[in-house]
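Chemist: sequence below, structure please.
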Amino acid sequence: MAYLVIGVFLFINGLFLWIFKSDFNILNAGYSDLNSFFFLTPWFFLLLIPAITMKSFADEFNKGTMELLKTKPISDWEIIMGKFSASMLLVVVALTPTFTYVFTVYQLGNPVGNIDFGSTIGSYTGLFFLTATYTAIGLFTSSLAKSQIVAFISGVLITFSLYEGFDAISTLISNDLPLKQLGIKEHFKSISRGVIDTRDIVYFISTIAFFLYLTKIRLDNE
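Modeler: Next up is the predicted model:
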């Protein structure tokens, strides 16, 4: 699963960013930045991260190994954080090769090096927090059912709702309402500008902690 997820992520990104003749193609953009990559990746992760986390607890419940795991001298929090860290590490490994995109855009700039490093660093920081949030949601949905398919679909629905839902509702009802601030997308975009705002950090940390806490409650009731 790990090799498959990493391979699929890099392959699809490579096609959209460097091969397909579309608006996302960096070579056809006319300016040196990675906006296309940072626009597409949250959408790819909507599918890839739930695919990574869907087995975390669902497989344990389905095979009956959760009871055995809980007899070990480790707490529920240690189990949760172990699975959370493992999933996060896998996504970070998948993201690491994309640093070559930064080097490529750096070389393609006119003059060479004409790239907004502040925005790039901010966007990678935003991706890290976004990944952690998606992972926490994925672990929670995995703890809800014995079926991996149910866990995957639930994870996709919740992450999609939190990423795009509030933004869409705000557009439909009224742009004056602060609904956008409740969604992941608005805070990710804010960090991607290169300005690390404590409100965005607090939002991500609070959301991560909330879903991990829900997972803890679910394990307590098992």
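
Chemist: pLDDT weak spots in the chain?
Modeler: Within the chain, the stretches with pLDDT under 70 are 29-30, 32, 174-177, 222.

Chemist: can you give me the strands for it?
Modeler: With DSSP state E applied, the chain shows no strands anywhere along its length.

Chemist: now do the same contact list for the residue nearest the centre of it.
Modeler: Central residue of the chain (C-alpha atoms, centre = their mean): residue 131, 2.8 Å from the mean position. Applying C-beta atoms under 8 Å, 6 or more residues apart in numbering, we find residue 131 in contact with 45, 49, 88, 91, 92, 95. Bear in mind the C-beta positions are built from the backbone N, C-alpha and C, glycine included.

Chemist: do residue 158 as well
Modeler: 137, 140, 141.

Chemist: now, which of those sits nearest residue 119?
Modeler: Of all the contacts of residue 158, residue 119 sits closest to residue 137, with 26.3 Å by C-beta to C-beta.

Chemist: thought residue 159 was touching the closest one, still the case?
Modeler: Yes - the criterion here is C-beta atoms under 8 Å, and residue 137 meets it with residue 159 at 5.3 Å.

Chemist: picking that back up, dump the contacts of residue 131 into a markdown table; add neighbour count as well.
Modeler: Listed next are the contacts of residue 131 as a markdown table, based on neighbours: other C-beta atoms under 10 Å:
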| residue | neighbour count |
| --- | --- |
| 45 | 24 |
| 49 | 28 |
| 88 | 19 |
| 91 | 24 |
| 92 | 13 |
| 95 | 18 |
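
Chemist: and which of those residues is nearest to residue 76?
Modeler: residue 88 (18.3 Å).

Chemist: how close does the closest one sit to residue 127?
Modeler: For residue 88, the distance to residue 127 (C-beta to C-beta, to the nearest Å) stands at 12 Å.

Chemist: now swap in residue 55 and tell me
Modeler: Applying C-beta to C-beta to residue 55 and residue 127 gives a distance of 23 Å.

Chemist: for residue 105, same thing?
Modeler: 16 Å.

Chemist: burial of residue 106, as a residue count?
Modeler: 15 (other C-beta atoms under 10 Å).

Chemist: wait, doesn't it sit right on residue 120?
Modeler: No - when contacts are counted by C-beta under 8 Å, residue 106 is not listed as touching residue 120 (9.4 Å).

Chemist: burial count for the closest residue to residue 93 other than its chain neighbours?
Modeler: Residue nearest to residue 93 in three dimensions, not counting chain neighbours: residue 6, with 6.4 Å by C-beta to C-beta, 6 or more residues apart in numbering. Per other C-beta under 10 Å, the neighbour tally for residue 6 reads 18.

Chemist: biggest helix in this structure, by residue count?
Modeler: helix 117-142 (DSSP state H).
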